[in-house]
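Chemist: below: sequence and its predicted model.
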Amino acid sequence: MRDELRDRFDELISTGLESSSPEKFTVDDATRTLEAMEEGALEVPNRPLEAIILRFGRPAYLVQDDTFDTTSTPSSSEEVDAVVNAARGFLEGAIPSVGRVDLRNHRAGWVGTGWIVAPGIVVTNRHVAEAFAVEVDSGFAFVENFEGRAAKASLDTVREHGSGRESVFRVQDILWLEPSLGGHHDVAFLRIRPEGEDDQPPPSPLQLIEDAAFEALEPSRWVSIIGYPAFSIYNNSQDQQRIFDGIFDVKRLQPGQLSAQMTNDELNHDATTLGGNSGSVVLDLEAENVIGLHFGGLEGQTNSAVPAPVIRRLLQEKLSIEV
């Protein structure tokens with residue numbers, strides 16, 4: 001199929017495949033899109049989209065060996081580099097607690113990002129968890145594939161570019177999915193097994209900002225998300241190639257600033273995100289704690305996150321967990 005797409009690309013384009021797109025859609029873009037479909041990392045239209053808000057000055061640093069290098073990253077600036085380097089100790093402490101949500105017995109190989117919010121508890125987006133989980137009479141269950149086998153999910157807290165390391169924690173239970181209808185927040189909670197596949201202990205939970213401190217946050221405050229951006233058909237392909245240097249599906253640190261549009265129900269930021277960043281943690285680089293759970297955005301406008309006080313409230317109300 002991939003070879004046929006390349007061979008017939010000019011023919012398909014001439015029929016109007018890209019007539020509605022303001023940017024030229026190339027054969028390489030088409031190939032990456034097909035690869036994303038095969039690997040299960042392609043976004044679907046009914047999901048919140050991830051977005052490039054600012055085309056320059058919002059880098060996506062590769063995470064390798066639980067750290068990051070600011071010296072050779074495209075689309076960065078001296079100001080941004082200085083901000084993240086000043087918070088390096090905090091960020092390096094947070095990196096191991098964020099992982100990629102991988103799947104087995106499922107058409108998708110992976111579906112997004114999650115992070116440790118309480119001992120043994122992973123938080124991610126509802127729309128991420130809905131790929132492999134469903135509500136049933138007794139609570140929640142893993143969906144079954146066409147062969148009748150239940151999906152299996154895990155959190156790999158490495159998945160770094162060029163790394164052969166893994167640190168995999170199987171998802172044991174789906175604890176809570178905020179309802180798609182009538183629910184207000186794109187949140188899901190999962191329980192991982194107490195030991196990883198190599199008998200390693202799980203990472204430490206990330207600390208949520210206190211409610212009063214959250215209410216005092218102001219626009220332009222520096223933040224960073226940590227997650228796993230995937231190539232997106234909804235964002236400019238040239239910008240993606242430049243910012244991400246053609247490397248996708250691996251752990252990244254993506255800084256930005258808070259936007260003015262912020263309420264108790266939604267936090268907005270301008271960090272560069274793509275598909276796969278759904279479920280990423282949003283970190284405040286000054287207070288050095290978690291301020292949100294990224295869930296989507298609109299290109300050139302803003303990215304959005306569930307505020308930390310909402311996550312804290314849902315943990316208490318749905319799981320009786322105090323953090």
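Modeler: That came through, no problem.
Chemist: please enumerate the helices of the stretch 201-323 of the chain.
Modeler: Ranges of helices within the stretch 201-323 of the chain are 211-215, 237-244, 308-319, based on DSSP state H, counting those that start in this stretch.
Chemist: let's have those in JSON lines, adding mean neighbour count, mean pLDDT and distance to D284.
Modeler: C-beta here means a position set from N, CA and C on the backbone, and glycine is covered the same way. Rendered in JSON lines, the data for these read as follows (neighbours: other Cβ atoms under 10 Å; pLDDT from 0 to 100; distance: least, Cβ to Cβ, whole Å):
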{"stretch": "helix 211-215", "mean neighbour count": "14", "mean pLDDT": "94", "distance to D284": "9"}
{"stretch": "helix 237-244", "mean neighbour count": "19", "mean pLDDT": "94", "distance to D284": "23"}
{"stretch": "helix 308-319", "mean neighbour count": "19", "mean pLDDT": "97", "distance to D284": "9"}
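Chemist: and of those helices, who's closest to P229?
Modeler: When the helices of the stretch 201-323 of the chain are ranked by distance to P229, counting by Cβ to Cβ, first place goes to helix 237-244 at 6.7 Å.
Chemist: so which elements touch the closest one?
Modeler: Judged by 3 or more Cβ pairs under 8 Å, 6 or more residues apart in numbering; DSSP states H and E, the packing partners of helix 237-244 are helix 27-39.
Chemist: where's V84, which helix or strand?
Modeler: Mapping V84 onto the secondary structure by DSSP states H and E places it in helix 78-86.
Chemist: so how far is that helix off the chain centroid?
Modeler: 22 Å (Cα atoms, centre = their mean, to the nearest Å).
Chemist: and stretch 307-314, by the same measure?
Modeler: Averaged over its C-alpha atoms, stretch 307-314 has a centre that lies 18 Å from its chain's centre (Cα atoms, centre = their mean).
Chemist: ok, now stretch 294-313?
Modeler: Here stretch 294-313 is found 11 Å from its chain centre; the criterion is Cα atoms, centre = their mean.
Chemist: just stretch 130-144 next, same as before
Modeler: Taking Cα atoms, centre = their mean, the mean C-alpha location of stretch 130-144 is offset from the chain mean by 21 Å.
Chemist: dump that stretch to PDB, restricted to CA.
Modeler: Extracted as PDB, the C-alpha positions of stretch 130-144 are listed here (Å, rounded to 0.1, in the frame of the first residue of the first chain):
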ATOM      1  CA  GLU A 130     -11.300   5.400  25.600                       C
ATOM      2  CA  ALA A 131      -9.100   3.700  22.900                       C
ATOM      3  CA  PHE A 132      -8.700   0.700  25.100                       C
ATOM      4  CA  ALA A 133     -11.300   1.000  28.000                       C
ATOM      5  CA  VAL A 134     -15.000   1.000  28.200                       C
ATOM      6  CA  GLU A 135     -17.600   1.500  31.000                       C
ATOM      7  CA  VAL A 136     -19.500  -1.600  32.000                       C
ATOM      8  CA  ASP A 137     -22.100  -2.400  34.600                       C
ATOM      9  CA  SER A 138     -19.500  -3.400  37.100                       C
ATOM     10  CA  GLY A 139     -17.200  -0.400  36.400                       C
ATOM     11  CA  PHE A 140     -14.700  -0.300  33.600                       C
ATOM     12  CA  ALA A 141     -13.100  -3.000  31.400                       C
ATOM     13  CA  PHE A 142     -10.600  -3.300  28.600                       C
ATOM     14  CA  VAL A 143     -12.100  -3.400  25.100                       C
ATOM     15  CA  GLU A 144     -11.900  -6.600  23.000                       C
END
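Chemist: next one: phi and psi at V128?
Modeler: The main-chain torsion angles of V128 are listed as degrees, to the nearest 10 and equal phi -70, psi -50.
Chemist: what sits against it?
Modeler: Contacts here follow Cβ atoms under 8 Å, 6 or more residues apart in numbering; on that basis V128 touches V101, V111, G112, T113, G114, A188, S278, G279.
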